[in-house]
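>>> Show me how the following folds:
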Amino acid sequence: MPKLAMNRLAGHLASRPAGRWMRWEMRRFVARYKVNMAEAANPDLDSYNSFNDFFTRALKEGARPLAQADLVCPVDGAISQFGRIERDQIFQAKGHQYSTTALVGGDAALAAQFENGSFATIYLSPRDYHRIHMPCDGRLLRMIYVPGELFSVNPATARGVPGLFARNERVVCLFESAKGPFVLTLVGATIVGSMATVWHGVVNPPRRPAIEEWDYRDQQIVLKQGEEMGRFLLGSTVVMLFPGPALPFAPDWAPAKGVQLGEKMADWPQ
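Below is the predicted model:
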């Protein structure tokens, strides 16, 4: 499929001022995917200026209370996989692994910080809330844009496309926490119009032909646990990396389990 052309068209349509046809599409989208507008800060579909405004809608105050945990789930979605990074290998699906170095765009020194650490991959479906929040307090150090493919990232594709999350276009965000560095990666996909962060705004488009990096180590950009850090304009997946020793994840976590922003993800190892 002409995935880049499809993305450009989707991004163009989603950003256009909402008319009668687009408002009909929003209502159809809500019905098809069973979107819970009762928890939106603004439940009135007719008041959104574009499909993007609707898709990146805010939640009402108190809709996602934060658990008492060192690390909380940063998004609404479904767990794809999680667990220990085996040396530098991340488990994607049965028969498929990929390296931390590939995920972060080839920076071996950065990837080495997460050797034998932990990872968590969460898939956001069309029905989900599409803002990404902080799993813990963190100071922003770097952001890396990595060009790539635009494969779908649904569970079936994750089982069928080797190295999927290290092949798709992505935005890698490196933070420093009280317990060391961690990475939060926004992975693009088919029909993902763009990805944005709160400190930069829209990162893509433009879709660049080469890796591009922004260094924030001389700035004090600090985000608190639960604070918004970015958003998908049409949805995708987040991949998180944490240094060793391995994290004790919440006992109820399991692949394919639905999760919500603010739920307990893990505590730092003692």
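>>> Buried residues in stretch 122-137, which are they?
122-124, 127-137 (16 or more other C-beta atoms under 10 Å). Backbone N, C-alpha and C define where each C-beta goes, glycine included.
>>> which pair in those spans the largest distance?
Spatially, the most separated pair among those is R127 and D137, at 29.4 Å (C-beta to C-beta).
>>> My understanding was that I221 contacts R139; is that so?
Yes. Using C-beta atoms under 8 Å, I221 is in contact with R139, at 6.7 Å.
>>> Let me have the buried residues of stretch 122-137 in a markdown table, extended by secondary structure and distance to A38.
What follows is the buried residues of stretch 122-137, written out as a markdown table (DSSP: H, G, I helix; E, B strand; the rest coil; distance: C-beta to C-beta, whole Å):
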| residue | secondary structure | distance to A38 |
| --- | --- | --- |
| I122 | strand | 23 |
| Y123 | strand | 23 |
| L124 | coil | 19 |
| R127 | coil | 13 |
| D128 | coil | 15 |
| Y129 | coil | 13 |
| H130 | coil | 17 |
| R131 | strand | 17 |
| I132 | strand | 22 |
| H133 | strand | 20 |
| M134 | coil | 25 |
| P135 | coil | 26 |
| C136 | coil | 29 |
| D137 | coil | 30 |
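>>> of the residues you listed, closest to N36?
Distances from N36 to the buried residues of stretch 122-137, taken by C-beta to C-beta, are shortest for R127, at 8.1 Å.
>>> residues touching the closest one, list them.
Neighbour list for R127: Y33, K34, V35 [criterion: C-beta atoms under 8 Å, 6 or more residues apart in numbering].
>>> Could you confirm the last one falls within a strand?
By that I understand V35. No. V35 sits outside any strand when classified using DSSP: H, G, I helix; E, B strand; the rest coil, being coil.
>>> Just give me the least confident of the buried residues of stretch 122-137.
Within the set of those, pLDDT is lowest for R127 (86).
>>> Nearest spatial neighbour of that one, chain-adjacent residues omitted?
Counting by C-beta to C-beta, 6 or more residues apart in numbering, R127 lies nearest to Y33, which is 3.8 Å off, once chain neighbours are set aside.
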